[in-house]
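okay, structure incoming, though there's no sequence with it:
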């Protein structure tokens, strides 16, 4: 309630203004017009499939080919207000020209992120309606199906919205006594999606086993592994394209080396330690 009432703020929360400025500028520089960052956004579809199965891909087909579905899902609050998964999306510089350049640079990533989230929302809505043997009516939204679809989006598609961000990001909460939002966001920069994925593995997977949903649990793990593999393939292809155009050194690491490194990056703070040791 405190997070919602104060839009992510908290009494006694500490900031380091200079650190926020440096982190924000670095985040924009790393994400804006970056080919690989934009191209991997659709891989989040596999994270949606971890909870709703094949319906994630049915939703992607509907969003890509059916204008009625696009218009319908665009009205969902979680989709309409979506701005991406890193806090850099929502932070303004205070300079109109720089903010405009930032928005232009982020446009490709934001567009693909929005389409991916819309696909998951559409798939989840379809799944709910099919399970209840109901017909989709684009003129009348089924409130229960909408609620379910938005829950699936929140659980599988990270956003920078304060209401969806982990407390360590929204409040900078380290344990019970220490809070510093600037430091927390610096340590966990570009980790928002990974934190969402970790939350799903940490909470949803054990719950599925506890309910005896072994098929669903296996699908959760399988799609998680597929999403990591897809990210690596896309990053390799984008790097090869850029290397062939502008030159540079090839990344000669083996696929499995990259795979396990990426898998370890899902665990909060472990990724930084592993990367440093590597």
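Received, thanks. Quantities reported herein were computed from a predicted structural model and do not represent experimental measurements.

what ranges in the stretch 51-200 of the chain fall below the confidence cut-off?
For the stretch 51-200 of the chain, the stretches with pLDDT under 70 are 83-105, 160-162, 164-168, 170-178, 182, 184-190.

mind listing the strands for it?
In the stretch 51-200 of the chain, the strands defined using DSSP state E, counting those that start in this stretch lie at 173-174, 178-179.

I'd say residue 82 and residue 158 touch.
No - counting by CB atoms under 8 Å, residue 82 stays clear of residue 158, with 10.4 Å between them. C-beta coordinates here come from the backbone N, C-alpha and C atoms, glycine included.

more crowded one of these two?
residue 158 (27 against 22; other CB atoms under 10 Å).

wait, that one sits on residue 196?
Yes - if you go by CB under 8 Å, residue 158 and residue 196 touch, sitting 3.8 Å apart.

for stretch 140-147, buried residues please.
Buried residues in stretch 140-147, counting neighbours by 16 or more other CB atoms under 10 Å, are found at 142, 145-146.

may I see those organised as CSV, with distance to residue 240 added?
As requested, these are exported to CSV (distance: CB to CB, whole Å):
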residue, distance to residue 240
142, 45
145, 42
146, 42
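
and which of these is nearest residue 5?
Set against residue 5, the nearest of these by CB to CB is residue 146 (24.3 Å).

what about the nearest residue to that closest one once chain neighbours are set aside, neighbour count?
The spatially closest residue to residue 146, leaving aside those adjacent along the chain, is residue 76, at 6.5 Å (CB to CB, 6 or more residues apart in numbering). Neighbours of residue 76 under the rule other CB under 10 Å: 20.

hmm, residue 138 and residue 72 touching each other?
Yes - Residue 72 is in contact with residue 138 according to CB under 8 Å; the separation is 4.9 Å.

name the element the nearest residue to residue 262 once chain neighbours are set aside belongs to?
With CB to CB, 6+ apart as the criterion, residue 262 has its nearest non-adjacent residue at 4.8 Å, and that residue is residue 228. Following DSSP states H and E, one finds residue 228 within helix 214-246.

residues near residue 235, how many?
Neighbours around residue 235, by other CB under 10 Å: 18.

and if you look at residue 203?
Count around residue 203 with other CB under 10 Å applied: 11.

might one say that residue 224 is in contact with residue 44?
No - with contact defined as CB under 8 Å, residue 224 does not reach residue 44; the gap is 11.5 Å.

ok, these two, which is more surrounded?
Legend: neighbour count by other CB under 10 Å for residue 224 and residue 44, higher for residue 44 (26 against 19).
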